[in-house]
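Peer 1: what's the 3D shape of this:
(one chain, ligands or ions: 3)
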Amino acid sequence: TNKPSVNFIEAIIEEDLRNHKNNDRVHTRFPPEPNGFLHIGHAKSICLNFGLAQKYKGLCNLRFDDTNPAAEETKYVESIKKDVKWLGFDWDSREYFTSDYFGKLYGYAVELIEKGLAYVDDQTAEEISASRGTPTRPGQESPYRNRSVEENLDLFERMKKGEFAEGSKVLRAKIDMASPNMHMRDPALYRIKNTHHHRTGADWHIYPMYDFAHCLSDSIEEVTHSVCTLEFEVHRPLYDWILDKLEVAHPQQIEFARLNLSYTVMSKRKLLELVKENYVTDWDDPRMPTISGLRRRGYTPESIRNFSERIGVAKRNGIIDVSLLEFSIREDLNKKALRRMAVLDPIKVVITNYPEGQIEELEAVNNPEDPEAGKRNIPFSREIYIERDDFMENPPKKFFRLGLDREVRLKYAYIIKCEEVIKDEATGEILELRCTYDPQTKSGQDTSGKKVKGTIHWLSATHAKDVEIRLYDRLFEDEDPAGHKEKDFRDFINQDSLDVLSHAKVEPALTEVSAGESFQFERKGYFCVDPDTTKEKVVFNRTVTLRDNWAK
Ligand code: ATP
Ligand code: MG
Ligand code: MG
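Peer 2: Residues are numbered from 1 along each chain as shown. Ligands and ions are numbered 1, 2, ... in the order given. All right, here's what the predicted structure looks like:
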């Protein structure tokens, strides 16, 4: 399990440390835009950026990249903070907002104008885009490109004051309309927008573009390594150009491949559509790949951090199999989760030779992986529930559970034999099983010498508690739902992604539980208590089955 000593980002950082670049500092940042809830891809970026800071005894900032007022909201800021904390990371007082730099950024734009490196363009968005050219054909220079510095300063100030209509002017960098890199063909730096901003309200009529704001925010915060995803590789020359021309602190942008997971979509815009169009209940629906959805599903912070570590950092985009994420939560809960018995689809069994009214307390192990978890008692009585699919009237040879005239062991209890099947005469549905038990076969003190191949779980009928159990399946039926040109990702929605079991039963030890607690239901998987739980009704979410049984 010795993984390669360092990944390529760590190699860059270690080289910089050897060369005493950045005064031996390592300073990263996680820069979410507060326009949605964080997803598992962001978790990767959080673990990476905060992890690098931890590893090299540096710092990591949390910066809200809020330059796009229309989509941003304070509720997203709050959810992002909650999720980063929950994942186990701390930014101390280093909580920043790009909007706090609006004044400084404006000043930098003025400086570029003064240097003759930016100009106000009166062309429409369509005209600008039409004159950009193609990667193989140079663009055309704007007729406004050679305005005087004075005129540009005056117009830019009036843009700021709100004198012009949205879309009527932009500030552009004066770089090179023939550059083979389209992002260098006089990119826009500022646009006019009269939208209300979630923090600065109506103060601003112009907002900086991502490429202008991001590098300068990194620089202002004296970040040393600005880690971002691969699609920004082509923006790096612009990142460098802006910082070079302004002669300010110059972080190094490093790109890695974004995380894509099979059977899901991973863009906030698409996730928002799933919420708005009611394909899911909300951002924290347990089927969502959001951090809040995974939390509600029963994922632990450790499992997500381990997953993130395990997938490593790549330089090429690919799709990670969601079963790897599931492996991480199984691995973690196997160590931590208390074992309990639950019957998801109950059928009643009457043990005819067991004395009526008698109750035995049987000892059960709480977690075989953790001796400290101890033991508990579970009641046994004449009437019990077993899982409907643990019985077959005429089972095939390989079926080692209960059948007519066959024996099976009840875990922690006795061997029982099915003697009679009671059916609904009209429908043929099995209503009840009549069994006998062998008193010599009590677990731990079996003197019968009997050997049976199957052991099943069960619950004492009078003691069992009713609960609701929610079973989840993949939200999409396609491995790469957003990867089809001719089809919309919504076309691949799995119509059966949620199955609500309202007659499930659990052992009495599970009635005093609180939201977020996780258990292993023996033979059934890992389940956690959903926040919909009330005093009257406990609701469990199935986090994951015990084994990968997604064969389809
Ligand atoms: P989305 O397209 O899902 O909305 P985004 O990149 O626009 O994502 P941001 O809020 O800008 O979302 O992202 C914050 C940080 O998280 C950025 O540094 C971004 O590169 C990183 N990030 C976003 N998605 C992923 C992903 N799938 N894998 C790894 N890092 C990601
Ligand atoms: Mg972004
Ligand atoms: Mg985005």
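
Peer 1: Who are the contact partners of the closest residue to Ala515 other than its chain neighbours?
Peer 2: Leaving aside its sequence neighbours, Ala515 sits nearest to Pro531 (Cβ to Cβ, 6 or more residues apart in numbering; 4.3 Å). All C-beta atoms are positioned from the backbone trio N, CA, C, and that covers glycine. Contacts of Pro531 were listed using Cβ atoms under 8 Å, 6 or more residues apart in numbering, and they are 296, 515-516.

Peer 1: was I right about Lys57 contacting Asp24?
Peer 2: No. At 9.7 Å, Lys57 does not count as touching Asp24 under the criterion of Cβ atoms under 8 Å.

Peer 1: Now do the buried residues in stretch 234-252.
Peer 2: Using 16 or more other Cβ atoms under 10 Å as the test for burial, stretch 234-252 gives 235-236, 238-239, 241-243, 245-246, 248, 250-252.

Peer 1: How about the stretch 1-150 of the chain: which residue is closest to ligand 1?
Peer 2: Of all residues in the stretch 1-150 of the chain, Gly41 sits closest to ligand 1, at 2.2 Å by Cβ to the nearest ligand atom.

Peer 1: right, and the secondary structure at that residue would be what?
Peer 2: Following DSSP: H, G, I helix; E, B strand; the rest coil, Gly41 is assigned to helix.

Peer 1: Now it: closest residue in space, sequence neighbours ignored.
Peer 2: Leu259 (4.4 Å).

Peer 1: Kindly state the pLDDT recorded for that neighbour?
Peer 2: Note on Leu259: pLDDT of 97.

Peer 1: Could you pull up phi and psi at it?
Peer 2: When read as degrees, to the nearest 10, the backbone of Leu259 gives phi -80, psi 130.

Peer 1: Run a quick check on it versus Ser267, I expect a contact.
Peer 2: No. Between Leu259 and Ser267 there is no contact under Cβ under 8 Å: 11.8 Å.

Peer 1: Between those two, which is the more surrounded one?
Peer 2: Between Leu259 and Ser267, counted using other Cβ atoms under 10 Å, the more crowded position is Leu259 (25 against 14).

Peer 1: returning to that earlier point: the residue of the stretch 1-150 of the chain closest to ligand 1 and Thr264: what is the separation?
Peer 2: Counting by Cβ to Cβ, to the nearest Å, the gap from Gly41 to Thr264 is 10 Å.

Peer 1: Which neighbours do those two have in common?
Peer 2: Contact criterion Cβ under 8 Å, 6+ apart; residues shared by Gly41 and Thr264: Pro289.

Peer 1: Compare the two and say which is more crowded by neighbours.
Peer 2: Shown here are Gly41 and Thr264; by other Cβ under 10 Å, Thr264 has more neighbours (25 against 18).

Peer 1: What number of residues are in the vicinity of the closest residue to that one other than its chain neighbours?
Peer 2: Distances taken as Cβ to Cβ, 6+ apart put Pro289 closest to Thr264, at 4.6 Å, once the chain neighbours are dropped. The local packing of Pro289 (other Cβ under 10 Å) involves 21 other residues.

Peer 1: beta partners for Ile254?
Peer 2: Under the criterion DSSP bridges, Ile254 forms beta bridges with Val227.

Peer 1: Surely it and Ser226 touch.
Peer 2: Yes. In this structure, Ile254 is within contact of Ser226 by Cβ under 8 Å, at 7.0 Å.

Peer 1: Any idea how many residues pack against the residue nearest to Phe50 when sequence neighbours are not counted?
Peer 2: Distances taken as Cβ to Cβ, 6+ apart put Phe89 closest to Phe50, at 4.1 Å, once the chain neighbours are dropped. Residues lying near Phe89 (other Cβ under 10 Å) number 20.

Peer 1: Is Phe89 part of a helix or strand, or is it coil?
Peer 2: Phe89 - assigned by three-state DSSP - is coil.

Peer 1: same deal with Phe327?
Peer 2: What three-state DSSP gives for Phe327 is helix.

Peer 1: Can you give me every residue that contacts it?
Peer 2: The contact partners of Phe327, taken as Cβ under 8 Å, 6+ apart, are Asp548.

Peer 1: Now do the strands for the stretch 351-500 of the chain: every range, in order, please.
Peer 2: For the stretch 351-500 of the chain, the strands defined by DSSP state E, counting those that start in this stretch occupy 360-365, 375-380, 383-387, 391-392, 402-403, 407-410, 415-423, 430-438, 455-456, 459-460, 465-472, 498-506.

Peer 1: Output these in CSV; the columns should cover mean neighbour count and distance to ligand 1.
Peer 2: Listed next are these as CSV, based on neighbours: other Cβ atoms under 10 Å; distance: least, Cβ to the nearest ligand atom, whole Å:
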stretch, mean neighbour count, distance to ligand 1
strand 360-365, 15, 40
strand 375-380, 17, 42
strand 383-387, 22, 39
strand 391-392, 19, 45
strand 402-403, 24, 47
strand 407-410, 22, 47
strand 415-423, 17, 51
strand 430-438, 18, 48
strand 455-456, 18, 42
strand 459-460, 24, 43
strand 465-472, 19, 21
strand 498-506, 17, 24
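
Peer 1: can you redo these as JSON lines with mean pLDDT?
Peer 2: Shown next, in JSON lines, are the strands of the stretch 351-500 of the chain (pLDDT from 0 to 100):
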{"stretch": "strand 360-365", "mean pLDDT": "96"}
{"stretch": "strand 375-380", "mean pLDDT": "96"}
{"stretch": "strand 383-387", "mean pLDDT": "98"}
{"stretch": "strand 391-392", "mean pLDDT": "96"}
{"stretch": "strand 402-403", "mean pLDDT": "96"}
{"stretch": "strand 407-410", "mean pLDDT": "97"}
{"stretch": "strand 415-423", "mean pLDDT": "98"}
{"stretch": "strand 430-438", "mean pLDDT": "97"}
{"stretch": "strand 455-456", "mean pLDDT": "97"}
{"stretch": "strand 459-460", "mean pLDDT": "98"}
{"stretch": "strand 465-472", "mean pLDDT": "97"}
{"stretch": "strand 498-506", "mean pLDDT": "97"}
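
Peer 1: No more questions from me, cheers.
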